[in-house]
Every structure is written in C-alpha cells, then in structure tokens.
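# sequence plus the predicted model coming up.
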Amino acid sequence: MADNPFTRHPREVGETYFEHMGVAARVGLRLAAGALACFVHAIFPFLCERTGSRTIEKLHRQIHGRVDAPNWERHPII
C-alpha cells in the first residue's frame, strides 16, 4: 500500500488524500477564475486590469507558504 498513487504525493506533503484534494481543488478554481478574468481583460482592457496578476501573486504566496524546506527540495515544482 506504500506505493499507492492516490496517497503517495499527499503523504509526502503531509496531507491526507482528502485534504490534498481540497487544497488542489481550491487552487484549480482560483486559477480558473483568474484565467477567466484574463480573457475578460483581453476583450475589455478596462476591466479586470490586475485580477489575473493578483490571483497569481496570492496563489504563489499561499503555495510557497505551505511548503516546508524538505518537501520543497524533493518536489521543486508543485
């Protein structure tokens, strides 16, 4: 069971499968919302002028803040 592909990575980052699912789903939804804002901005440049970049900045701080040094060295790209 130690090689279970569903639990290996969550365990490596100190989460259960469902905790990791929640974090990954929230990140994915925020990325989707930021992407939508970028598309709106592409058509209407006066709308959502900083939404995409603010979304990226917030997600970077959140993800970088939750990764401890040993896991960051093992998994440099999350």
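That came through, no problem. Numbers count the residues shown, from 1 in each chain.
# show the contacting residues for Thr51.
Gly34, Ala37, Cys38, His41 (C-beta atoms under 8 Å, 6 or more residues apart in numbering). For every residue, glycine as well, the C-beta is placed using N, CA and C.
# I misspoke; the intended subject was Val27.
Here Val27 is in contact with Leu59, Gln62, Ile63 (C-beta under 8 Å, 6+ apart).
# re the thing from before, inside helices: which ones of the contacts of Thr51?
Gly34, Ala37, Cys38, His41 (DSSP state H).
# which among those count as buried?
When the ones in helices among the contacts of Thr51 are checked for burial by 16 or more other C-beta atoms under 10 Å, the buried set is Gly34, Ala37, His41.
# this structure: helices as residue ranges?
8-12, 17-43, 51-66, 69-74.
# thinking again about what came up before, looking at the contacts of Val27, which is nearest Leu47?
Leu59 (20.7 Å; C-beta to C-beta).
# what pLDDT does the closest one get?
Confidence at Leu59, expressed as pLDDT, is 92.
# for His20, see how far away Leu47 is.
34 Å (C-beta to C-beta, to the nearest Å).
# so for those two, which sits in the more crowded spot?
His20 (18 against 11; other C-beta atoms under 10 Å).
# can you pull the contacts of that one?
His9, Pro10, Val13.
# adding pLDDT, write those out as a markdown table.
Compiled in a markdown table, these are given as follows (pLDDT from 0 to 100):
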| residue | pLDDT |
| --- | --- |
| His9 | 88 |
| Pro10 | 89 |
| Val13 | 83 |
